[in-house]
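Chemist: everything below, folded, please.
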Amino acid sequence: MEPAVEFSHDPVTIPTLLLLSLLEAGPVDLLVRGGTVVTVDPQMRVLEGGSVAVRGGVIEAVLASGEPLPEAREALDARGHLVIPGLVNAHGHAPMVLFRGIADDLPLMEWLNGVIFPAEAKHVDREFVYWGTLLACVEMARSGTTTFADMYYFEEEVARAVDRAGLRGVLGQTIIGFPAPDYKTTEAALAGAEGFLRQYRDHPRVVPSVAPHALYTTSLEVVRQAHALARRYRAPFQIHAAESQEEDRVVRAKLGQTAVPALDGAGVLGPGTILHHGITLTDDDIRRLGLRGAGVSHNPGSNMKGAAGLARVPEMLAAGISVGLGTDGAASNNNLDLFEEMDIAARVHKLFRQDPTVMPAREVFRMATLGGARVLGMGDRIGSIEVGKQADLVLVDLHQPELTPLYEPYSHLVYAIKGGHVRTVLVAGRVVVKDRKMTTLDAEEVMARANLIRGQIRK
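Modeler: All right, here's what the predicted structure looks like:
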């Protein structure tokens, strides 16, 4: 059992010369002042009464209580709040919020082939994707997620919505081995993916990605071509893999082996590759992933609901594999609250192993922040509150009966706090949620458009 976190009262957290330089550089753009700062830095420090100085959207200083504070053009009072890194949702299908509740309580393949794929073929178009993504952005932002990974159709519409919402996204154009809502052939989908990579390769918050759906829906040769395209543009590569025993049987029947050895033989595993789910990984699969440097998203809520199984996350972490936490789509979860996902992840592994020391709270919180950032290839930019990183910050309101008293911040973050306790959210120093209201979007308009689309689907 890990020891409780000790609040730091150490007045020396940055070198004196650096502090003097900060004070002499003129007013910072923003000072988030007086909160309990959960840094997720290498020491996992928690600074009670700490402050974060932001200039140009970047964290310029992380200051402990008692240290001199720089002048600021704007100050944000964080007293009575936890100040945490923006959460990173390592896997999802944002537009599928418009299919939330359309089909539940079914096995994965029956759910996909019998309901989801036909519904997508009939209803998914550019408008569906754009407004569905905006709705997902509202839900994620209001529950503390500032960065998310996505794979869907019409991904340029996902990017347009992410840009409008002010969030970050690693957005994968889906390539699938049958006619899709956006592209009717894999050749057209690959060409569309390349156009998407070109269009968004220099965007400050959108990272374009290539995302073949899975080996049970897409040929290994097309997956290989998609990976070559991602490497050519130095873009992340996403794919569902080892998602269920049923998938293993289908892929083995097609290829004579399961997904991980097939992908490894095709040269697809490596840094920049993200495997979503990874439930049925064997010891050899884990060894391969550790050697190759691929990352994995863990989606326990969705996996539990579909009875697909439980990924071997402790073994993956022990092998040095980067593991992030994801919600999957709202059609299979059915929400995008990463706080709830943390709670599930911590508890289900303890139950499965019958060991309460497995997946301690701070490890799970790291997965939802820096772990997810590393999986998405963004660990140098986001995922922790450190000097030089983007100022993606979330303020959690502790003035709630269910959060009183506070002894151990990581315990609260994983076992007690929910998305509804988030009060303020910043992305690159810009406030996108203030007092639980979006500042970048009209949430009422977004919900009204979502209900119009629901009406069309119900017809």
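Chemist: compute the first-to-last residue distance for stretch 61-77.
Modeler: Terminal residues of stretch 61-77 are spaced 16 Å apart (CA to CA, to the nearest Å).
Chemist: mind checking the pLDDT average for it?
Modeler: Here stretch 61-77 scores 97 as its mean pLDDT.
Chemist: just the CA atoms of stretch 163-173, as PDB, please.
Modeler: C-alpha atoms of stretch 163-173 as PDB (Å, rounded to 0.1, in the frame of the first residue of the first chain):
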ATOM      1  CA  ASP A 163     -11.000  23.800 -32.800                       C
ATOM      2  CA  ARG A 164     -14.200  25.700 -32.100                       C
ATOM      3  CA  ALA A 165     -14.500  24.200 -28.600                       C
ATOM      4  CA  GLY A 166     -10.900  25.100 -27.700                       C
ATOM      5  CA  LEU A 167      -9.800  21.600 -26.700                       C
ATOM      6  CA  ARG A 168      -7.000  19.300 -27.900                       C
ATOM      7  CA  GLY A 169      -7.500  16.200 -29.900                       C
ATOM      8  CA  VAL A 170      -5.400  13.400 -31.400                       C
ATOM      9  CA  LEU A 171      -7.900  12.700 -34.200                       C
ATOM     10  CA  GLY A 172      -7.800   9.600 -36.400                       C
ATOM     11  CA  GLN A 173      -9.400   9.300 -39.800                       C
END
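Chemist: buried sites along it?
Modeler: 163, 165, 166, 167, 168, 169, 170, 171, 172, 173 (16 or more other CB atoms under 10 Å). To be clear about C-beta, it is placed using only N, CA and C from the backbone, and glycine gets the same treatment.
Chemist: inside strands: which ones of the residues you listed?
Modeler: Among those, the members falling in strands (DSSP state E) are 168, 169, 170, 171, 172, 173.
Chemist: so the third one is in contact with residue 236, correct?
Modeler: Yes - in this structure residue 170 lies within contact range of residue 236 using CB atoms under 8 Å: 5.5 Å.
Chemist: for those two, list the residues in contact with both.
Modeler: 149, 207, 209, 376, 377 (CB atoms under 8 Å, 6 or more residues apart in numbering).
Chemist: torsion angles phi and psi at the fourth one?
Modeler: So that's residue 376. phi -90, psi 0 (degrees, to the nearest 10).
Chemist: repeat for the first one
Modeler: Main-chain torsions, residue 149, degrees, to the nearest 10: phi -100, psi 140.
Chemist: correct me, but it touches residue 93?
Modeler: No - under the criterion of CB under 8 Å, residue 149 is not in contact with residue 93, lying 9.8 Å apart.
Chemist: max pairwise distance over the buried residues of stretch 163-173: which two?
Modeler: Spatial extent of these (CB to CB) is set by the pair 166 and 173 at 21.8 Å.
Chemist: pLDDT (mean, whole number) over stretch 113-127?
Modeler: 91.
Chemist: dump the ones in strands among the buried residues of stretch 163-173 to a markdown table, plus distance to residue 413 and pLDDT.
Modeler: Output for these, formatted as a markdown table (distance: CB to CB, whole Å; pLDDT from 0 to 100):
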| residue | distance to residue 413 | pLDDT |
| --- | --- | --- |
| 168 | 20 | 98 |
| 169 | 23 | 98 |
| 170 | 23 | 98 |
| 171 | 27 | 98 |
| 172 | 28 | 98 |
| 173 | 33 | 98 |
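Chemist: got these as a markdown table, with distance to residue 63 columns?
Modeler: Putting those into a markdown table (distance: CB to CB, whole Å) gives the following:
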| residue | distance to residue 63 |
| --- | --- |
| 168 | 25 |
| 169 | 31 |
| 170 | 31 |
| 171 | 35 |
| 172 | 38 |
| 173 | 42 |
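Chemist: so where's the chain uncertain?
Modeler: Within the chain, the stretches falling below the threshold (pLDDT under 70) are 1-24.
Chemist: wait, what's in contact with the residue lying closest to residue 103 once chain neighbours are set aside?
Modeler: In space, and not counting its chain neighbours, residue 103 is closest to residue 115: 3.9 Å by CB to CB, 6 or more residues apart in numbering. Residue 115 makes contact with 102, 103, 106 under the criterion CB under 8 Å, 6+ apart.
Chemist: please report how far residue 115 lies from residue 71.
Modeler: 57 Å (CB to CB, to the nearest Å).
Chemist: same deal with residue 168?
Modeler: Distance from residue 168 to residue 71, by CB to CB: 29 Å.
Chemist: what does residue 193 give?
Modeler: On the measure of CB to CB, residue 193 and residue 71 end up 47 Å apart.
Chemist: between these two, which one's more packed in?
Modeler: Ranked by neighbour count (other CB atoms under 10 Å), residue 193 and residue 71 place residue 193 first, with 27 against 12.
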